[in-house]
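A.B. asks: got a predicted structure here, sequence first:
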There are 2 protein chains.
Amino acid sequence: MTDTSDDIPGIGQYDDFHTIDWQRDIARDRMRHRYIVKKRQDSFWDLLKGAHDAWSGWVCVLLVGLFTGCVAGVIDIGASWMTDLKFGICPQAFWLNREQCCWSSNETSFDSGNCSQWYAWSEIFTSSREGFGAYVISYFFYIMWAMLFALLAASLVRMFAPYACGSGIPEIKTILSGFIIRSYLGKWTLIIKSVGIMLSVSAGLSLGKEGPMVHIASCIGNILSYLFPKYGRNEAKKREILSAAAAAGVSVAFGAPIGGVLFSLEEVSYYFPLKTLWRSFFCALIAAFILRSINPFGNEHSVLFYVEYNKPWIFFELVPFIGLGIIGGFIATFFIKANLWWCRFRKYSKLGQYPVTEVLIVTFITAVIAYPNPYTRMNTSELIYLLFSQCGISNQDPLCDYNRNFTDVNSAIEIAAAGPGVHKAVWLLILALAMKLVMTIFTFGMKVPCGLFIPSLALGAITGRVVGIGMEQLAYNYPKIWIFSGECSTGDDCITPGLYAMVGAAAVLGGVTRMTVSLVVIMFELTGGVRYIVPLMAAAMASKWVGDALGRQGIYDAHIALNGYPFLDSKDEFQHTTLAADVMQPKRNETLAVITQDSMTVDDIETLLKETEHNGYPVVVSKENQYLVGFVLRRDLNLALANARRIIDGITGQSLVIFTSAQPVQNLGPSPLKLKKILDMAPITVTDQTPMETVVDMFRKLGLRQTLVTHNGRLLGVITKKDVLRHVKQMDNEDPNTVLFN
Amino acid sequence: MTDTSDDIPGIGQYDDFHTIDWQRDIARDRMRHRYIVKKRQDSFWDLLKGAHDAWSGWVCVLLVGLFTGCVAGVIDIGASWMTDLKFGICPQAFWLNREQCCWSSNETSFDSGNCSQWYAWSEIFTSSREGFGAYVISYFFYIMWAMLFALLAASLVRMFAPYACGSGIPEIKTILSGFIIRSYLGKWTLIIKSVGIMLSVSAGLSLGKEGPMVHIASCIGNILSYLFPKYGRNEAKKREILSAAAAAGVSVAFGAPIGGVLFSLEEVSYYFPLKTLWRSFFCALIAAFILRSINPFGNEHSVLFYVEYNKPWIFFELVPFIGLGIIGGFIATFFIKANLWWCRFRKYSKLGQYPVTEVLIVTFITAVIAYPNPYTRMNTSELIYLLFSQCGISNQDPLCDYNRNFTDVNSAIEIAAAGPGVHKAVWLLILALAMKLVMTIFTFGMKVPCGLFIPSLALGAITGRVVGIGMEQLAYNYPKIWIFSGECSTGDDCITPGLYAMVGAAAVLGGVTRMTVSLVVIMFELTGGVRYIVPLMAAAMASKWVGDALGRQGIYDAHIALNGYPFLDSKDEFQHTTLAADVMQPKRNETLAVITQDSMTVDDIETLLKETEHNGYPVVVSKENQYLVGFVLRRDLNLALANARRIIDGITGQSLVIFTSAQPVQNLGPSPLKLKKILDMAPITVTDQTPMETVVDMFRKLGLRQTLVTHNGRLLGVITKKDVLRHVKQMDNEDPNTVLFN
């Protein structure tokens, strides 16, 4: 923290797979800031530089928002085109998807999928859409395209950017908590993930593009932050941009800027000063605004699953809503446990060596099972939209085959008995639920970009819709029982199955990710259903509690633990009574590797560096009086010694290394090497009697990399972040050796 | 932090006007929690107690939400009734306000204020509504009622609850940052503030009930927390409930649960763990739900200023929106500076001794000026609603006197020239703006409950509406200039003056309070205008930047500084290069008051306690070797000594006080007093070379009360929160002696 620590090149940087020191980075930034403020008076050019520095945060998030919006637009358009390519083509203009193709035909048809401009593959080859032959050809093309897309996606990931697989959220959580994973947010990851997610969504796999969108936005944030040295060169400051980018990612994924910011705050970010909140909101809003201007879906509504209904819900309905929450919690827990079991199997078996083959097999099975069932054949987003919406006169889906007579478009929709179409649809939906649940378990964790939001929403929406139809028929058949008496006796449609689908979707997603406020806000922004905050909240709470009771971790935390990332969760409370003395290194009978302030030679220190592997060494008064003077990092020491040997004359192995400003007493040997400037004179210390809960708290809140343990002023040992993580694992009866990296 | 510190009664409590020690309180709570978890296996009763403990947080916020919703409903109904009482009465049922009275009459009239059931005061006395005599009588009754209400409000506050005045938000911020102000959140404050805010709103003063609603909710939170010892007996935990209550307060004030939570997070709270976020949201939602069920306004819309329009805004309009933001920033800064000047004058002059007289004078002037102008005569909320809304066929206000012919209710509203009514209305609005600005400056800070949200919104809404009408007429007169060419050339109403009012309101409120995300979310929930997030955000940003450039502090922070509350702002960054050594006490040439671990007698310590006034004393190895052993609080020491003298035999003034577990060497004197259990063995220490920015960070993030400064293990001094606050003031060139309390 001395003001010349930037003199030696490389000081202040970190190695790959290392933890950053937040205090140090923030101190460096403040120093840089003070320097600029001081210089500002000197000349107009410096004033401009100062202004640029003050603005750079805003400019950077503006750019991040712009690019994120554009990339999201491209991905949406591309994925939609390729998804439709599985079914057919627009011969007049092959670059149009089905909907756009049908617009150009000027036909007005309720069923937008079947205009004459759009040719299904069967039509091209047999000139027919109906019949067994056409079905087989369509089936074949569906599988073929799916396999082709999946092959491309998996190969691209394998060849160019291994980090582009998965949803990326566990890794981003880890990175934001202060860990370095080089090139995880690099340009290749960005490109391959963007292309890969289009391909893997189009392949019809049971995955969504929302989680990867967060990763893509974070890549954009990381790349753009290098344009602004304030952020690019300071890992702690860079995380402010990354938090904003994550918010922008969710914002474009769901069209939910407020939800995005809360997601970033609640789920992803670690260090979130309030200044960042405002900037993240700005970033999220710009991204959503750009995406809306691009308008990839070509519709007027700014929200993804806009629901038109605005009916009040009956107070009694809270019971089925909470029931849906409980069911959602069970489904989510089953999913997490099964998925983890499979991922662990993949990790420790030979399967892990054949990622492309695995993707192809899963794609093949998914495609074969999915095609016959119309609800799995269609795009998952479309399915969710269908399940959320209310049956109106224009809805031709079997799901809306009620025995009712529409006399007028504007007439009120009356409650009615379900027709045979609804019965069939319910069975197909239950099949779709089972199939999606099983396939998602095998899909999430494969080596293609894949997100979890949309599959979770779909699972919940199916469950909810089925329950909702059940409730509706109950109300139709028994309108007189007291629970319905108030609202349903008038004959109006008092139960909205679409609302149940919405609530169910929130429940499963909440159970899987353990999001809370951000989930409710995202659902509310996603559907525009202002009235339904209370039902959504009730279901989300029930689901979270069931999930927490059955298994402690959400899917992201579980994957963090599976991969052994050094993530110190800021939500978990440390419940044990251990003291700092129990955790510190070295244990009894070992000696602590220390450096004395003025009695070790260059050779001594180089020997110490060779013999030990610590990332830093405490500096003490003397071996006999181990009173703490400061702390020096291995990396800085290495650089400084190499630098000194190269530049300064008269430095030999016998030169004393001096960390004080006082002159050494004896002047016989070679001239001493003064390294006070790389010494951190303000290391954070705790006493050996400090409870570990306080120590964990300090690690979290101050973003420490290590702390020194003293007793009555005397240095006893060191606690690093890794020691803390191992200790937490140990106390939770887990294997402490699963914590990887430093 | 030893596990028997609860043995001696009173230990763990705080004196009035003292700072709490978060670490200690949270440690105490964890200990209590562990004890309950351990006991849970013992018996079914203990299991029940454990379950109760686990649930108590949720039950408590549920109750807070319920009560807050009910109290808010009562206040809304009461204030609305009393406001209408100034104008007339419903003779058939005097407890009805004008709107309810007119409902019962079954008349269908567009102008709801003039049904035959409702008698204006002039009608009762002169049987006429028109004419000079009627006007004078109405004027007289208006002033009379206003004076009566104001007198009541001021007297109640003066007699029963002096803390019930003002908005309460600065004090709640201070309390949440870890400061004790006894009875600030007590039952008397609750009752008097609830009654007082009804009265002062009804008195027609330029104030709102939204800020006080936060204070009222916090009182409810504080009172209910005593039902749950987990929260009532632990000041740090209690603040979790208070944060949730503050969110509920904003939620009921604006019908904005999400905005309320963000307000609590961004503006009010200090320590906000994520668990609290979810609980606060629950609390805010319950409160809003209850208030909506009570439905005090009797309308269908759940939002206060619901806007019906949903028109797109033109991209060019961002220029006037940002302009409004800049104007809003200027208005807000002028308001803050003028209000502060007046409050300082009140504080240091004789005026402060006559609070009731001051209130009466201001009420009289307000009433006299307000009555002649219809826009100041009406309720401020109604004014804001009117300014936000779009002119439709049913709107009879002069503000909507455009030269247009409505042929049909459903026909599109065309852009039209302003009629004479609009011109007159604009002048009246400008007068109203000047009057409200001046009166609010004198009103805010008086000794009645008064909030600032509604006056700020009104100031901004007036400015915005005037600018909006100007833009509209510009577009009408020059529809061909390029900026309007896209949208306005078709003759449609392309400019919505109501939207300008909304944006202006956000700008002034943002400038006054310096809220950001929460402001935008509140405005969006308040009006239901999903489309207008971008304009709102642009204006809020511009306003905040102008405000920050002209004056550093928002109104709440300015009032905190004015009152000298010990509030360490978590948003300000500490920019200076001082070190811990520069701030610590004692300064050079003074000696540090320390206690040795095993060589001081009871008399020595009692002398020390008498001669010094510190809140705590470091315990060191010996006077010669000042190596730190621990820290002991004055309060605990006093209690322990008094307790020992009372209970333990053989304790005399000559007894040694021993803070170690080892036996003392000499055994000649009276039996020693062992006080290890009140010794905090884990005080937080920093080195003397630690930059103050790190120290300030530690105080904020860890919620410290003091930290000990060491050099090479040797104790040098102490830094308390007060030292930090004084130092911050000093570095900002302010008078450090304005920081009051400990």
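C.D. replies: Cool, the structure landed. Numbering: from 1, shown residues only, chains lettered A, B, ... in the order given.
A.B. asks: so which residue of the stretch 251-400 of chain A comes closest to chain B?
C.D. replies: Nearest to chain B, among the residues of the stretch 251-400 of chain A, is residue A:278, at 4.1 Å (Cβ to the nearest Cβ). Backbone N, C-alpha and C define where each C-beta goes, glycine included.
A.B. asks: I figured that residue was touching residue B:517, is that so?
C.D. replies: Yes: Residue A:278 lies in contact with residue B:517 (Cβ atoms under 8 Å); the separation is 5.8 Å.
A.B. asks: which parts of the stretch 151-300 of chain A are helices?
C.D. replies: Listed in chain order, the helices of the stretch 151-300 of chain A (DSSP state H, counting those that start in this stretch) span A:169-176, A:187-202, A:210-225, A:229-232, A:235-254, A:257-263, A:274-294.
A.B. asks: format those as JSON lines; extra columns: mean pLDDT and mean neighbour count.
C.D. replies: Below are those laid out as JSON lines (pLDDT from 0 to 100; neighbours: other Cβ atoms under 10 Å in any protein chain shown):
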{"stretch": "helix A:169-176", "mean pLDDT": "92", "mean neighbour count": "24"}
{"stretch": "helix A:187-202", "mean pLDDT": "94", "mean neighbour count": "24"}
{"stretch": "helix A:210-225", "mean pLDDT": "94", "mean neighbour count": "29"}
{"stretch": "helix A:229-232", "mean pLDDT": "88", "mean neighbour count": "19"}
{"stretch": "helix A:235-254", "mean pLDDT": "92", "mean neighbour count": "30"}
{"stretch": "helix A:257-263", "mean pLDDT": "90", "mean neighbour count": "31"}
{"stretch": "helix A:274-294", "mean pLDDT": "87", "mean neighbour count": "24"}
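A.B. asks: those: which one's closest to residue A:427?
C.D. replies: Within those, the stretch nearest residue A:427 is helix A:187-202; the backing value is 26.9 Å (Cβ to Cβ).
A.B. asks: quick check: angle from that closest one to helix A:210-225?
C.D. replies: Here helix A:187-202 runs at an angle of 160 degrees relative to helix A:210-225 (axes from the mean of the first three to the mean of the last three Cα atoms, to 10 degrees).
A.B. asks: hmm, who's touching helix A:187-202?
C.D. replies: The set of residues external to helix A:187-202 that reach it, using Cβ atoms under 8 Å, 6 or more residues apart in numbering or on different chains, is A:71, A:74-75, A:78-79, A:82-83, A:85-86, A:145-146, A:149-150, A:152-153, A:156-157, A:160-161, A:163-165, A:168, A:183, A:207-209, A:212-213, A:215-216, A:219-220, A:223, A:448-451.
A.B. asks: pretty sure residue A:59 sits in a strand.
C.D. replies: No: counting by DSSP: H, G, I helix; E, B strand; the rest coil, residue A:59 is not found in a strand; it is helix.
A.B. asks: my guess is it meets residue A:231, correct?
C.D. replies: No: in this structure residue A:59 lies outside contact range of residue A:231 using Cβ under 8 Å: 10.5 Å.
A.B. asks: what about dumping the CA coordinates of stretch A:85-97 to CSV?
C.D. replies: Coordinates of each C-alpha in stretch A:85-97 appear next as CSV, following Å, rounded to 0.1, in the frame of the first residue of the first chain:
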residue,chain,number,x,y,z
LEU,A,85,-35.0,-24.5,-39.9
LYS,A,86,-35.6,-27.8,-38.2
PHE,A,87,-39.1,-27.7,-39.5
GLY,A,88,-38.9,-26.1,-42.9
ILE,A,89,-37.6,-23.2,-44.9
CYS,A,90,-38.8,-20.0,-46.6
PRO,A,91,-37.8,-20.6,-50.2
GLN,A,92,-38.3,-17.0,-51.3
ALA,A,93,-36.0,-15.7,-48.6
PHE,A,94,-34.2,-18.4,-46.7
TRP,A,95,-33.0,-16.0,-44.1
LEU,A,96,-36.5,-15.4,-42.7
ASN,A,97,-37.9,-17.5,-39.9
